[in-house]
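# Predicted model and sequence follow; I will ask about them next.
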Amino acid sequence: MLSFGRVRTDVAAVLEKDPAAKSRLEVLLCYPGLHAVWAHTFTHALWEGGYRLVARLLSQLVRWLTGVEIHPGATIGERVVIDHGMGVVIGETAVVGDDVHMYHGVTLGGADKRPVKRHPTVGDGVTIGADATLLGDIEIGAGAKVGAGAVVTTDVEPDATMIGVPAERVDRTPKADVEDVATPDDGDSATAERDGGSVSNAGDADGTDDADVGKH
């Protein structure tokens, strides 16, 4: 259930993530995404306690008041920030970790008509851009970023950045390219191998010149 400590940490999370937030009082009064998350702590408790129709009725009232629809069966972590809020839909079996930041229009939707785990599991520290759609029983790894308007239907690795329809990872150089970058420690050995027509003995990215790596 909602506690004073939970309210305090959630407000602090909004102040940290949203530069438009000017004061704690403003956050308390003017952030419908936060109101929806707090209301969910109550509807979720009702759902878990077997009062499912009452929980659904209250969640629909919250949807009408805030523009955010969170099914009472969903599991929502702490310090979750729903920025602007309008149009966000979080399905029944969705799991949202701690410190998640999502923008308006995000959908955590189902892709199975059976009563099974059919909504995404979103790891801690994930950022989800406006109007992004995540479908099915997929896992979004901790620290991942999903771009605005992206459609994600497969698992996402931790710390990955996904954009597009369908979403593709764009934050890293392909492994083969990284392995073709020689480090200064390779010295004459790497030079000799290049003269022979190949480059092996690749170093890790930490040893390369930043300018050279940026070209790949």
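On my side now, so go ahead.
# quick one, longest helix in the chain?
If you go by DSSP state H, the chain has its longest helix at helix 32-48.
# So which bits of that one are buried?
Within helix 32-48, the residues scored as buried using 16 or more other C-beta atoms under 10 Å are 32-40, 42-44, 46-47. Backbone N, C-alpha and C define where each C-beta goes, glycine included.
# out of the residues you listed, who's nearest Met86?
Nearest to Met86 among the buried residues of helix 32-48 is Pro32, at 7.6 Å by C-beta to C-beta.
# do you know how far Val14 is from Met86?
16 Å (C-beta to C-beta, to the nearest Å).
# who's more crowded, the two?
Using other C-beta atoms under 10 Å as the criterion, Val14 and Met86 rank with Val14 on top: 22 against 14.
# ok and the helix or strand hosting the more buried one relative to helix 32-48, angle-wise?
Assigned by DSSP states H and E, Val14 belongs to helix 4-17. Relative orientation of helix 4-17 versus helix 32-48 (axes from the mean of the first three to the mean of the last three C-alpha atoms, to 10 degrees): 140 degrees.
# Other residues contacting helix 4-17?
21, 24, 27-28, 31, 34, 37-38, 41, 78-81, 83, 99, 101 (C-beta atoms under 8 Å, 6 or more residues apart in numbering).
# what is the rounded mean pLDDT of that helix?
On average, the pLDDT along helix 4-17 is 91.
# Can you name the element that comes right after that helix?
Where DSSP H and E defines the elements, the next helix or strand beyond helix 4-17 is helix 24-30.
# where's stretch 127-137 relative to the chain centroid, distance-wise?
Distance of stretch 127-137 from the chain centroid (C-alpha atoms, centre = their mean, to the nearest Å) equals 8 Å.
# For the protein, name the helix or strand with the lowest mean pLDDT.
Here the helix or strand of the chain ranked lowest by mean pLDDT, DSSP states H and E is helix 210-214, holding a mean of 39.
# any idea how this structure splits into domains?
4-169, 175-214 (automatic domain parsing).
# if we can go back for a sec, pull out the buried positions in the helix holding Val14.
Those would be 10-11, 13-15, for helix 4-17 by 16+ other C-beta under 10 Å.
# any idea which of those residues is closest to Arg169?
Closest to Arg169, out of all of the buried residues of helix 4-17 and judged by C-beta to C-beta, is Ala13, at 26.8 Å.
# measure the closest one to Arg172 for me?
28 Å.
# Contacts only, for the residue positioned nearest the centre of the chain.
Centroid-nearest residue in the chain: Val126, 2.9 Å away (criterion: C-alpha atoms, centre = their mean). Residues in contact with Val126 (C-beta under 8 Å, 6+ apart) are 97, 100-101, 140-146.
# For Lys117, state which of these is nearest.
Ile140 (14.3 Å).
# Assess the claim that the closest one and Gly123 are in contact.
Yes. With contact defined as C-beta atoms under 8 Å, Ile140 and Gly123 form a contacting pair (5.7 Å).
# out of those two, which sits in the more crowded spot?
Neighbours per residue, other C-beta under 10 Å: of Ile140 and Gly123, the larger number sits with Ile140, 27 against 22.
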